[in-house]
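>>> With the sequence up front, the predicted model follows.
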Amino acid sequence: MRAACLALSLLLTALGGVASAQSPGGDLPDIGTPASTTLSLIDEYKIGLMIVRSMRDAGQIVDDPEINEYLQALGMQLSSHAQEGAHRFSFFAVKDAGINAFALPGGFIGVNAGLVTATRNESELAGVLSHEIAHVTQRHVARSLQNAGRTNMASAAAILAAILIGATTGMPSDAVLGAVTAAQGLAAQQQIGFTRANESEADRVGVGVLAAAGFDPGAMPDFFWTMQQRSGSGGRNVPDLLRSHPVTTERIAETRDRVEKLGRPRHEDSTSYALIRARLAVQSLPPEAAFRDLYGNARSADLPSTEGETYGRALALMRADAADEAIPVLQDLLARRPDVTLYHTALGQAQLEAGRIAASRATLEGAMKLFPRSVPVTMRYAETLMRDGDPKQAHIVLLDLFNNVPPTPEQARITALAANAAGDVADAYYYMSEYHVISGNLALAIDQLRLALAVPGLNEVQRQRFEARITELQEYLPKGRHAKEIAGPTSPPPSGGRTR
């Protein structure tokens, strides 16, 4: 992913410049109809979904329910103050130690693990997310296409996907080079001011979002300044964030001036921020390195530490095959803060890894009562039930979650595995079809439903449900009656709804 976001900026530059002139009063530009006539919200969503699906297939997305829940909650807290309701935002972590984040068309925002661990407080992380949210709400992709006027959506998607997917999957260098060269060729035809204008606009909008959500708006320019200082002289060791989001001293000064007018309220970091930061730090290193380099003295009971550091040491012990030693650390944390779901799930995981399955089951059963339909708690509980030889109960709890909480791809996949282990083969195919619907691959979703129909012993209710779902999804295929609505942000293929 090191070059992915730089390449994304290059592509956007290639697709056209955005007028940098602002009104005398400093108002934000109108982002209404001109962009919409070139690239609709549905088209943007389709491009973004295609790229996210390819990244997931390549194993570049962090599938961790605790991390995903935190990022999505933080992102939605911010995006709810963006004063526009056209996009459905989706936030996800990327397995990359580089300090970067990126906004894809359609409201998909990726955050590198390295960026989260590089932030010093929650407002800094929120500042980066607000900046990326602004790129989406200001429709910079659509506006660049509108100005270029010569590049259609298909070619834009092809170049963008080739660059991003190539950077994450090891695509042959000549193929990636071809996409980059194409983007560079188009860039030569356009004005150079595109990136600066859009980045400055994202700063202005993002600072407003950050302040409205109750975070310190000054954290955004502070973080960019820190990254600029870290880069040193001579342009060496420049963080990825500055390569894909070029920062100038003037830009930082302008943003700080805007912050001074808004004020800098004090914001206390949430407990989850410190814990997720530690969780990503441990996951980003090999097990032996996580223990040796990050928390080598984790066995020292006298070591002073914050809750986040203590939690990180426990996770490092688990990664180093010392789950037995992590259990008392997590039990102490849980006794002090029973309101923190991350302590419940980590303790249940540690007990499971230590072979204490009954204890893990008891811990997570208690958590299920305290936090009903919590996605991380339910998924960790289901993992323990599966290990305990009780896939039917795992299927039941996951089904309840599936029917009441919009499922993530990983949640749908785990539900399918539980159903299959419980002998509910037809339902397992159904859940996998929903996994493909969420990922935007309707053809594979229909294939899974056809496999479900072929399972012997179907009852009539199942048969009618599967057939109705096939008919429903076929309407969204390119040749269907509602082709323009495929995976659209306002009219997506409907979820499967309640099932038995």
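Ah, there it is.
>>> Looking at the protein, which helix is longest?
Counting by DSSP state H, the longest helix found in the chain is helix 194-212.
>>> Packing partners of it?
Counting contacts by 3 or more Cβ pairs under 8 Å, 6 or more residues apart in numbering; DSSP states H and E, helix 194-212 is packed against helix 4-15, helix 65-79, helix 122-137, helix 140-148, helix 219-230, helix 249-262. The C-beta positions use only the backbone N, C-alpha and C, and glycine is treated the same way.
>>> packing partners for the second one?
Secondary structure elements in contact with helix 65-79, counted by 3+ Cβ pairs under 8 Å, 6+ apart, are strand 90-94, helix 122-137, helix 194-212, helix 271-283, helix 341-353, helix 375-387, helix 409-421.
>>> What separation do you get for Met227 and Pro221?
Note on Met227: its distance to Pro221, by Cβ to Cβ, to the nearest Å, is 11 Å.
>>> hang on, I meant Leu334
For Leu334, the distance to Pro221 - Cβ to Cβ - is 38 Å.
>>> Between these two, point out the one with more neighbours.
Pro221 (22 against 19; other Cβ atoms under 10 Å).
>>> quick one: Gly110 is in a strand?
Yes. Counting by DSSP: H, G, I helix; E, B strand; the rest coil, Gly110 falls inside a strand.
>>> so what's it up against?
Residues in contact with Gly110 (Cβ atoms under 8 Å, 6 or more residues apart in numbering) are Met55, Ile61, Phe91, Phe92, Ala93, Val94, Ala101, Phe102, Leu104.
>>> what do you get if the cut-off is 7 Å, keeping everything else the same?
With contact set as Cβ atoms under 7 Å, 6 or more residues apart in numbering, Gly110 has these partners: Phe92, Val94, Ala101, Phe102, Leu104.
>>> The third one pairs with what?
Read that as Ala101. As for beta bridges, Ala101 partners with Val111 under DSSP bridges.
>>> can I assume it is in contact with Val128?
Yes. Shown here, Ala101 and Val128 form a contact pair, counting by Cβ atoms under 7 Å, at 5.1 Å.
>>> residues shared between the contacts of those two?
Common neighbours of Ala101 and Val128 (Cβ under 7 Å, 6+ apart) are Leu115.
>>> between those two, who's got more neighbours?
Val128 (28 against 25).
>>> tell me the contacts of that one?
Per Cβ under 7 Å, 6+ apart, neighbours of Val128: Ala101, Leu115, Phe223.
>>> Please repeat the previous calculation with a cut-off of 10 Å.
Going by Cβ atoms under 10 Å, 6 or more residues apart in numbering, Val128 touches 99-101, 109, 111-112, 115-116, 118-119, 206, 210, 219-220, 223-224, 227, 241, 245.
>>> Ok, Ala213 next?
Applying Cβ under 10 Å, 6+ apart, the residues contacting Ala213 are Leu74, Gln77, Leu78, Ser79, Ser80, His81, Ala82, Ser123, Ala126, Leu129, Ser130, His267.
>>> give me the number of residues near Leu370?
Neighbour number of Leu370 under other Cβ under 10 Å is 12.
>>> Below-threshold pLDDT in the protein: ranges please.
Across the chain, the ranges flagged by pLDDT under 70 are 1-39, 83-85, 141-195, 231-240, 242-244, 246, 287-304, 478-500.
>>> re earlier: of the contacts of Gly110, just say which sits nearest to Pro456.
Pro456 has its nearest neighbour among the contacts of Gly110 in Phe92, at 38.4 Å by Cβ to Cβ.
>>> how's this structure carved up into domains?
Taking automatic domain parsing as the domain assignment, the ranges for the chain are 4-262, 271-485.
>>> where's the residue lying closest to Asn198 once chain neighbours are set aside relative to Arg387, distance?
Distance criterion Cβ to Cβ, 6 or more residues apart in numbering; nearest residue to Asn198, sequence neighbours excluded, is His140 at 4.8 Å. Distance of His140 to Arg387, computed by Cβ to Cβ: 47 Å.
>>> between the two, who's got more neighbours?
Taking other Cβ under 10 Å, His140 and Arg387 do not tie; His140 has more neighbours (25 against 16).
>>> now the contacts of Gly110 as a markdown table including distance to Gly440?
A markdown table is the format used below for the contacts of Gly110 (distance: Cβ to Cβ, whole Å):
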| residue | distance to Gly440 |
| --- | --- |
| Phe92 | 14 |
| Val94 | 18 |
| Ala101 | 22 |
| Phe102 | 18 |
| Leu104 | 12 |
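>>> Just the buried residues out of those residues, in PyMOL syntax.
Here the buried members of these are turned into a PyMOL selection, burial being counted by 16 or more other Cβ atoms under 10 Å:
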select buried, resi 92+94+101+102+104
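>>> which of the contacts of Ala213 lies closest to Ala362?
Among the contacts of Ala213, and counting by Cβ to Cβ, the member closest to Ala362 is Leu74, at 31.0 Å.
>>> Cool, thanks, signing off.
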